[in-house]
Structures are given as C-alpha cells and as structure tokens.
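Enquirer: please work out how this folds:
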Amino acid sequence: MPPESRSDLKKLPQHIAIIMDGNGRWAKTQGFPRVEGHRRGSENVDEIVTACREIGIRYLTLYAFSMENWARPKDEITALMALLKEFLLSKREKLIKNEIRLLSIGDVERLPADVLNVLRETENMTSNFDKMHLVLALSYSSRDEIVRAVHAILKEKERGVEG
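Expert: Purely as a prediction, here's the structure:
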C-alpha cells in the first residue's frame, strides 16, 4: 500500500454505527417476501465487517433489532431470530479467525433462549480478541439505554463510586 494511502486510512473513524433498516421495504419493492430482504441484509453484514476489518475500523456497531421490532408479526420475528442464530453460527469461525470480538447491547434477555445461548457462546468464544469489536444492538431502545445508564450510575453512587 502506498504511503499516501496509509495516511488516508488514519483519517478514518475508529467507530462506525449502522442502523440496519429498510430491508423489508426493499424486498417488498423487489417483489420478494420481507424476510428475503432481511436475509440479503445479513449477507451484506459479512461484506461490511470484512471491509471494516481490512481497513482498520476498530469498532462497528450494527443496530439490528430495536424494541419496536417486537411489535412485528410473530412469523416475521421468528424468521428474524432464526436468521440471527444462523448468522452467529455461520460466522463464528470467521470471527475467531479474524480475531473479531463480538459484543451485544440492548435488552438481549428478551431474545429466545436458543438465540441468546448462541449469542452468549459466540461472545465468550471471541472475548479475548481486540483487532476489531463487532457490536450487535439487539432489542435496543434509546430510552431503555438511558434508563439503564441512570440506574447504573445510581448503583455506583450507592456503592460510593464517584464518576
């Protein structure tokens, strides 16, 4: 890589966040079922993670499933959860090979038990890596995150920890 290209890479952000929205609408405009849009979106994730890793992005947060998504039709939620589980299982070895740490944020305890188990297993298997951090925001809500942050601050204050 030429020196000028390396200096350009230093200008890149260390953290990129992507809201994964519109896959269902895209599928509908293409004449596909909504789930097909979600499946194709998950394929794009692999390309995005690989590209970010290659150019040195340290943190990639994917906002994948908001609290509001729980209001979708049950069959769509079931399909999305199956897709998440499949993604985690199929990309696990690639995460390990590329030393990418998987983390999750949000109220992940709401996920189906089998999906949560695969998520936790993958987080544990990648917990020692630091070349890149892939953060999945699942069952997230900005309001919920603010409430959790305030509760954490109050707990620290109760323990006498000042921040």
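Enquirer: C-alpha only now, for contacts and for neighbours.
Expert: Noted.
Enquirer: residue ranges with poor pLDDT in the chain?
Expert: For the chain, the stretches flagged by pLDDT under 70 are 1-7, 9, 161-163.
Enquirer: give me the longest helix you can find in it.
Expert: helix 74-97 (DSSP state H).
Enquirer: who's in contact with that one?
Expert: Under the contact criterion Cα atoms under 8 Å, 6 or more residues apart in numbering, helix 74-97 has outside partners 34-35, 38-39, 42, 69-70, 101-102, 111-112, 114-115, 118-119, 122, 125-126.
Enquirer: straight-line length of stretch 11-27, end to end?
Expert: Across stretch 11-27, the terminal residues are separated by 35 Å (Cα to Cα, to the nearest Å).
Enquirer: what separates that stretch from the chain centre, distance-wise?
Expert: Its chain's C-alpha centre and that of stretch 11-27 lie 10 Å apart, by Cα atoms, centre = their mean, to the nearest Å.
Enquirer: before we move on, back to that, and the contacts of helix 74-97, which of them are buried?
Expert: Among the contacts of helix 74-97, the ones that count as buried by 16 or more other Cα atoms under 10 Å are 34-35, 38-39, 42, 101-102, 115, 118-119, 122, 125-126.
Enquirer: separation between the nearest residue to residue 126 once chain neighbours are set aside and residue 48?
Expert: In space, residue 126 comes closest to residue 101 once its chain neighbours are excluded; the distance is 4.8 Å by Cα to Cα, 6 or more residues apart in numbering. Remark: distance between residue 101 and residue 48 (Cα to Cα) = 15 Å.
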